[in-house]
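Enquirer: make a model of this:
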Amino acid sequence: MSAPSHPQRPKALALLIGATAFWGLSFPLNKAIMFTQAQLLPASSNWFITAQTLWPRFTLSLLVIAALDFRALLTLTRREWRQGLGLGLFSATGLLFQIDGLQFTAASTSAFLTQLYAILIPVWLALRQRRNPGVGVWLSVGLVLAGVAVLARLDWRDLRLGRGEAESLISSVFFMGQILWLERKEFAGNRVRSMTAAMFAVAAAIFLGLALATAGRPAELLVPWSSGAWVDFTLVLTLACTLGAFLIMNTWQPKITATEAGLVYCIEPVFASLMALFLPAWFAEWGVFVYPNEIAGANLLIGGGLITAANVLIQLKPPQ
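Expert: The predicted model follows:
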């Protein structure tokens, strides 16, 4: 007999789909921020651009939580800090690879490749339980691998992926860890704002440290704040794609299983691909840089279709 689902499961699914829309928006938005930074600091290294894209959004998100509920910071329990520490480490590492990889591949391709965790999660759980996940799971894995090869334009002559595609895949492993860490039963009684504040603090510290380490001089961290477009992009990324999306995730994901969560999050690249068809030109006009809209070509349609089919299959027939 299967365990009964959480009574708020339908609401959780709907809200988590909303979070994926915010994350889908973050792909073209992050590329717009990078283009803006390249104009302001053309000699910057790729890792500095990555860190400079990330530390403001998590620092500002932490400040918003502090302004709304400062008590959440003052009364952090040991379990809340432990949960926030784990979430911060997993999400920060995943985002470092994802955002750096985004500089070397299309936003829609990165979005699709990042969803590999939807397959990794049920496979990992099955291996941990020492049980064959079944034909359906292995078929889904095959479909995902085929989709990854098409999306990444894998060169079969040397079997090498590009840097952007490889980093997107690496980020997926850490996002899997984030999803599984959030599901742990020992954290069931934690307050969402408190542990989310701890998560943001850890991520902000990591990204700020990387920015300082890779900057030519510390004053470079302040240069982008002189750009109105960069500030506008960062505020949208902070309020919608960071504060809003992670509060939804941390609140509602525990009401469904990790496998279900991984499948729901696969809707993210659909939103990213749709937004990448028209938002880049708007952002380019806003920030005065060149960023053309993407086109739904054969690689995107076939590769994305294979990965989507894999996730639909595993959702219709999940592992026991």
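
Enquirer: in the stretch 201-320 of the chain, which spans are helices?
Expert: 228-236, 245-252, 258-264, 268-276, 279-287, 298-316 (DSSP state H, counting those that start in this stretch).

Enquirer: so which of these comes closest to L68?
Expert: For the helices of the stretch 201-320 of the chain, proximity to L68 was assessed by CB to CB; helix 245-252 is nearest, at 10.5 Å. Where you see a C-beta, it was placed from the backbone N, CA and C, and this is true even at glycine.

Enquirer: redo the helices of the stretch 201-320 of the chain as a markdown table? Include distance to V123 and mean neighbour count.
Expert: As requested, the helices of the stretch 201-320 of the chain are exported to a markdown table (distance: least, CB to CB, whole Å; neighbours: other CB atoms under 10 Å):
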| stretch | distance to V123 | mean neighbour count |
| --- | --- | --- |
| helix 228-236 | 35 | 18 |
| helix 245-252 | 22 | 21 |
| helix 258-264 | 10 | 23 |
| helix 268-276 | 20 | 23 |
| helix 279-287 | 34 | 17 |
| helix 298-316 | 10 | 18 |
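
Enquirer: mean pLDDT lowest where, among those?
Expert: Of all those, mean pLDDT reaches its minimum on helix 298-316 (a mean of 74).

Enquirer: okay but L143 is in contact with V312, surely?
Expert: No. Using CB atoms under 8 Å, L143 is not in contact with V312, being 9.6 Å away.

Enquirer: can you tell me the element R130 falls in?
Expert: According to DSSP states H and E, R130 maps onto no helix or strand at all.

Enquirer: how close does it sit to E183?
Expert: Distance, R130 to E183, using CB to CB, to the nearest Å: 19 Å.

Enquirer: low-confidence stretches in the chain?
Expert: Applying pLDDT under 70 to the chain flags the ranges 1-7, 107-108, 133, 137, 148-149, 151-161, 311, 314-320.

Enquirer: returning to that earlier point: look at R130 and E183 and report which has more neighbours.
Expert: Using other CB atoms under 10 Å, the more surrounded residue of R130 and E183 is E183, with 18 against 6.

Enquirer: in contact with L89, which residues?
Expert: Taking CB atoms under 8 Å, 6 or more residues apart in numbering, we find L89 in contact with 202, 206.

Enquirer: so the strand or helix carrying it versus helix 245-252, what angle?
Expert: According to DSSP H and E, L89 maps onto helix 78-102. Interaxial angle of helix 78-102 relative to helix 245-252 (axes from the mean of the first three to the mean of the last three CA atoms, to 10 degrees): 140 degrees.

Enquirer: contacts for whichever helix or strand comes after helix 78-102 next, please.
Expert: Per DSSP H and E, the first helix or strand lying C-terminal to helix 78-102 is helix 107-114. Residues outside helix 107-114 that contact it (CB under 8 Å, 6+ apart): 24, 27-28, 30-31, 98, 101-102, 105, 147-148, 151-152, 164-165, 168-169, 171-172, 175, 268-269, 272-273, 276, 280, 294, 299-300, 303-304, 307.

Enquirer: report the distance from helix 107-114 to the chain centre.
Expert: 10 Å (CA atoms, centre = their mean, to the nearest Å).

Enquirer: could you point out which element follows that helix?
Expert: helix 117-128.

Enquirer: the inter-axis angle of the helix or strand following that next one versus helix 268-276?
Expert: With elements assigned by DSSP H and E, the helix or strand that comes after helix 117-128 is helix 135-151. Angle, helix 135-151 to helix 268-276, by the same axes, to 10 degrees: 30 degrees.

Enquirer: let me know the angle separating helix 135-151 from helix 107-114.
Expert: 150 degrees.

Enquirer: gap between helix 135-151 and the chain center?
Expert: Here helix 135-151 is found 21 Å from its chain centre; the criterion is CA atoms, centre = their mean.

Enquirer: give the other helices and strands that it contacts.
Expert: helix 107-114, helix 117-128, helix 163-183, helix 298-316 (3 or more CB pairs under 8 Å, 6 or more residues apart in numbering; DSSP states H and E).

Enquirer: nearest to T77, of those helices?
Expert: Once the helices and strands packed on helix 135-151 are compared by CB to CB, helix 163-183 is nearest, at 16.6 Å.

Enquirer: output the contacting helices and strands for that closest one.
Expert: helix 78-102, helix 107-114, helix 117-128, helix 135-151, helix 258-264.

Enquirer: I'd like these laid out as CSV, including distance to E285.
Expert: Converted to CSV, the helices and strands packed on helix 163-183 look like this (distance: least, CB to CB, whole Å):
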stretch, distance to E285
helix 78-102, 21
helix 107-114, 17
helix 117-128, 34
helix 135-151, 28
helix 258-264, 33
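
Enquirer: quick revisit: could you dump the helices of the stretch 201-320 of the chain to a markdown table with distance to A215?
Expert: Below are these laid out as a markdown table (distance: least, CB to CB, whole Å):
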| stretch | distance to A215 |
| --- | --- |
| helix 228-236 | 16 |
| helix 245-252 | 26 |
| helix 258-264 | 36 |
| helix 268-276 | 29 |
| helix 279-287 | 21 |
| helix 298-316 | 35 |
